[in-house]
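[1] Quick one, what's the 3D model for this:
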Amino acid sequence: MKTYSILLLSILVGALASAPAQTNNVTGGDFVNYTINGQPDPAFTFQRGVTYVFVLSGITFHPFWIKSTLAGDFSGGVGAFNTGVVNNGATAGNLTFTVPADAPDTLFYQCGSHSAMAGTINIVTPPAPPTVKIVFIQVADFITLQSTGANGWSAIPEFRCGVGDPTWTVVANFTNVLANGTNTTTFPRLEAFCGATNVVIRVRNQQP
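    A predicted model of the protein is given here:
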């Protein structure tokens, strides 16, 4: 019978928590409001350390700026907040904002041409991620892992083939149940991907 190894190193690298990038669609402007996610100038609450993407289309005459202070008509980038922002003041493509840890509690988005097209971005510190540790592992017809977790965080198993493999791959077709602070995650064996090579496994906790 083929020997199948899962390195115990996986217990040491099993603690990861992350929040995914959030995408917002800026689809138009009417000199009074932007239309963002179908709403006129909505307010946002962004978390420090999280990346947010504004997908810009249909705003040719309305440059989109992230700002620390609002300004008047045709003010361009006056008051611009550029830390963590890529493509500030763009009229097409993506504006990406990775909120820095020291961001102020309140920022704004505003058109560089029309001051009324603006909204508030409230900045908050996210709750501390759960402490993630693999506490049990069983290899049979399926692999079963138990790891610590918390409500509001999904457990996503990832693997790589040997410690030298730099790429982590999300395990396909897994199930997960959280009960009493413990995730029980089950998925098929990984010989089809790694052959006889040792498998390194981690569990990444992520906010939806």
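
[2] Outline the domain layout of the chain.
    Domain assignment for the chain by automatic domain parsing gives 9-18+128-206, 22-124.

[3] How many residues are close by V199?
    Using other Cβ atoms under 10 Å, V199 is surrounded by 22 other residues. C-beta here means a position set from N, CA and C on the backbone, and glycine is covered the same way.

[4] now do the one 4 residues further on
    Other residues near V203 number 27, with proximity taken as other Cβ under 10 Å.

[5] Who are the contact partners of it?
    In this structure, V203 makes contact with G14, L16, V132, I134, L145, S147, A155, I156, P157, E158, N183, T185, judged by Cβ atoms under 8 Å, 6 or more residues apart in numbering.

[6] Filter those down to the ones in strands?
    When the contacts of V203 are checked against strands using DSSP state E, the ones located there are L16, I134, L145, S147, A155, I156, P157, E158, N183, T185.

[7] Now the buried members of these.
    Among those, those classed as buried by neighbour count (16 or more other Cβ atoms under 10 Å) are I134, L145, S147, A155, I156, P157, E158, N183, T185.

[8] Stretch 35-52 spans what distance, first to last residue?
    Start to finish, the residues bounding stretch 35-52 are 17 Å apart (Cα to Cα, to the nearest Å).

[9] list the buried ones in it?
    In terms of neighbour count (16+ other Cβ under 10 Å), stretch 35-52 has its buried residues at T35, I36, D41, F44, F46, Q47, R48, V50, T51, Y52.

[10] now the domains of the chain as CSV including mean pLDDT?
    Listed next are the domains of the chain as CSV, based on pLDDT from 0 to 100:
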stretch, mean pLDDT
domain 9-18+128-206, 84
domain 22-124, 96
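
[11] With distance to V171 added, can I get the contacts of V203 in a markdown table?
    Putting those into a markdown table (distance: Cβ to Cβ, whole Å) gives the following:
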| residue | distance to V171 |
| --- | --- |
| G14 | 13 |
| L16 | 14 |
| V132 | 15 |
| I134 | 13 |
| L145 | 10 |
| S147 | 13 |
| A155 | 11 |
| I156 | 8 |
| P157 | 4 |
| E158 | 7 |
| N183 | 13 |
| T185 | 8 |
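
[12] Return the residues in contact with the closest residue to M117 other than its chain neighbours.
    Spatial nearest neighbour of M117, excluding adjacent residues (Cβ to Cβ, 6 or more residues apart in numbering): C111 at 3.7 Å. If a contact means Cβ under 8 Å, 6+ apart, then C111 has G29, Y34, H62, P63, F64, W65, M117, A118 as its contacts.
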